[in-house]
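> Pasted the sequence and its predicted model underneath.
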Number of protein chains: 2
Amino acid sequence: MSTRTTQHSYTIKETAALIGLPASTLRYYESIGVIAPISRGASSGHRVYGEDDLDQLMWVACLAATGMSVSDMRTYISNGGHGAAKAREQVELLEQQERRLAIEAEQVALRQRYVQLKIGYWNAIDAGDQAHAAALSDEAYALADQLKQTKRNEERR
Amino acid sequence: MSTRTTQHSYTIKETAALIGLPASTLRYYESIGVIAPISRGASSGHRVYGEDDLDQLMWVACLAATGMSVSDMRTYISNGGHGAAKAREQVELLEQQERRLAIEAEQVALRQRYVQLKIGYWNAIDAGDQAHAAALSDEAYALADQLKQTKRNEERR
DNA sequence: CCTTTGACTTCAAGTACTTGAAGTTCCTAC
DNA sequence: GTAGGAACTTCAAGTACTTGAAGTCAAAGG
């Protein structure tokens, strides 16, 4: 299926960063059989992830993000799963993931702004600047409203 | 601070809908002391949520949305929470949260780039352009390589 | 009045990770 | 080469909900 000429390898940390899941979760997924066992370095016993492993993990991450349970993922994957999907399907799923990430980036930015306003608020309190504190508090409240709205629209992942 | 004339009351289901958290989570938060005990209907024993309870829950939902742990939430809230108290501790906690979010934003951007490269890869495969596909695959690897340089690589949540 | 339906109650068990401990291996630097 | 630290390993325990069981309560229909 894969006609790759260059087979790069990745450590668990690199893989975790690229897929967007912590290394502990990658080990967990492997331990419960959601992904195939990852090959190990001959002497070290450390996991060595290949391109195919990354593809498989990205697929699993997409399924997890769309709310599929671990047990469903296991049955789905043992019934062909990732390998059975066509290129068109893969791209569709990846584009879905792209949109999710855009939303996530937006929300993180919103949360950063919120926390920064809160810090400003406490610093203003510390400096005795009640007017400034009140203004920041109002701004934070407006942002909080926005945050809750987006969170509600998110629906349990 | 709060001088409300109308104290409307809500069932747990209404409250859950307004706050955007499942009812089970509201009960859970109460059971572990993240929020104050909710008063009960005289005969039914059912929880009756007031406006103040809603305010408190909205605040907790915001903290949860920024990824704060339950134990930190409890500390934060017992230190005055939404109201005014111990500014130093509050700011310290918030600045810690700010750093977490900065790291998260960085990582989301990385994942966005990776997914975009993957989409390009599958499109190239679909178009039969092996050379372009390989080039994009290499670029994805370079992304991971670049990551090695980025020392600060803590985990979220 | 009585039954049914549905929302509520507690509590225990399950889920999907996450974290910590204790030990091994890789890498860099002297 | 060897010392030190970062990164990896497994396994056990913890976390933050979530779900299921078993029972109580309340409004609507016959």
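Noted; the coordinates are in hand.
> alpha carbons only for contacts and neighbour counts from here, please
Will do.
> Backbone torsions only: list them for the closest residue to A:Asp53 other than its chain neighbours.
Distance criterion C-alpha to C-alpha, 6 or more residues apart in numbering or on different chains; nearest residue to A:Asp53, sequence neighbours excluded, is A:Ile38 at 7.5 Å. Note on A:Ile38: its backbone torsions stand at phi -90, psi 140 [degrees, to the nearest 10].
> Please verify my assumption that A:Ile38 contacts A:His46.
No: between A:Ile38 and A:His46 there is no contact under C-alpha atoms under 8 Å: 9.4 Å.
> Neighbour count for the two, which is higher?
Using other C-alpha atoms under 10 Å in any protein chain shown as the criterion, A:Ile38 and A:His46 rank with A:Ile38 on top: 16 against 13.
> Tell me how far the more buried one lies from A:Glu30.
8 Å (C-alpha to C-alpha, to the nearest Å).
> Chain A - how does it break down into domains?
Chain A breaks down into these domains under automatic domain parsing: A:9-84, A:96-154.
> Tell me which of those domains lies nearest to DNA strand C.
Closest to DNA strand C of the domains of chain A is domain A:9-84 (C-alpha to the nearest atom of the strand; 3.1 Å).
> and that closest one, average pLDDT?
Mean per-residue pLDDT for domain A:9-84: 85.
> What of stretch A:115-122?
Rounded mean pLDDT across stretch A:115-122 is 81.
> Mind checking if it is in reach of chain B?
Yes: Stretch A:115-122 is in contact with chain B by C-alpha under 8 Å from any C-alpha of the partner chain, via A:115-116, A:118-119, A:122.
> if you look at the residues you listed, which of them are in helices?
Among these, the ones falling in helices (DSSP state H) are A:115-116, A:118-119, A:122.
> Report the buried members of those.
Neighbour-count burial (16 or more other C-alpha atoms under 10 Å in any protein chain shown) applied to those gives A:115-116, A:118-119, A:122.
> which residues in chain A form helices?
A:12-19, A:23-31, A:51-65, A:70-78, A:81-84, A:87-126, A:130-154.
> For DNA strand D, state which of the residues of stretch A:115-122 next to chain B is nearest.
A:Val115 (18.6 Å).
> The residue most central in space within chain A and B:Val115, how far apart?
With distances taken as C-alpha atoms, centre = their mean, A:Gly20 lies nearest the centre of chain A, 4.0 Å away. Here the criterion is C-alpha to C-alpha. By it, A:Gly20 lies 11 Å from B:Val115.
> how about the residues of chain A near DNA strand C?
Contact residues, chain A versus DNA strand C (C-alpha under 7 Å from any atom of the strand): A:21-22, A:24-25, A:28-29, A:41, A:43-45, A:64, A:69-71.
> Got the phi and psi for A:Ser39?
Dihedral angles of A:Ser39 (phi, psi; degrees, to the nearest 10) stand at phi -70, psi 160.
> ok, back up a step: dump the buried ones among the ones in helices among the residues of stretch A:115-122 next to chain B to JSON lines, plus distance to A:Val60.
Listed next are those as JSON lines, based on distance: C-alpha to C-alpha, whole Å:
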{"residue": "A:Val115", "distance to A:Val60": "32"}
{"residue": "A:Gln116", "distance to A:Val60": "34"}
{"residue": "A:Lys118", "distance to A:Val60": "37"}
{"residue": "A:Ile119", "distance to A:Val60": "38"}
{"residue": "A:Trp122", "distance to A:Val60": "42"}
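> What does the pLDDT read for the residue lying farthest from the centre of chain A?
Within chain A, A:Gly128 marks the point farthest from the mean C-alpha position, 41.0 Å out by C-alpha atoms, centre = their mean. Per-residue pLDDT puts A:Gly128 at 91.
> One more: the one 10 residues further on?
The predicted local distance difference test score for A:Asp138 is 76.
> Tell me, how many residues neighbour it?
14.
> Tell me how far it lies from A:Arg113.
Distance from A:Asp138 to A:Arg113, by C-alpha to C-alpha: 13 Å.
> Please apply the same query to A:Ile77.
Taking C-alpha to C-alpha as the measure, A:Ile77 falls 40 Å from A:Arg113.
> What residues does chain A have near DNA strand D?
Chain A comes close to DNA strand D at residues A:11-14, A:27, A:40, A:45-47, A:156, as judged by C-alpha under 7 Å from any atom of the strand.
> Go again with 6 Å.
A:11-13, A:45-47 (C-alpha under 6 Å from any atom of the strand).
> Greatest separation within these: which pair is it?
A:Lys13 and A:Gly45 (15.0 Å; C-alpha to C-alpha).
> Pick out whichever of these two has more residues nearby.
Legend: neighbour count by other C-alpha under 10 Å for A:Lys13 and A:Gly45, higher for A:Lys13 (17 against 9).
> tell me the contacts of the residue lying closest to the more buried one once chain neighbours are set aside?
Among residues not flanking A:Lys13 along the chain, A:Ala23 sits closest, at 6.1 Å (C-alpha to C-alpha, 6+ apart). By C-alpha atoms under 8 Å, 6 or more residues apart in numbering or on different chains, A:Ala23 lies in contact with A:12-13, A:15-16.
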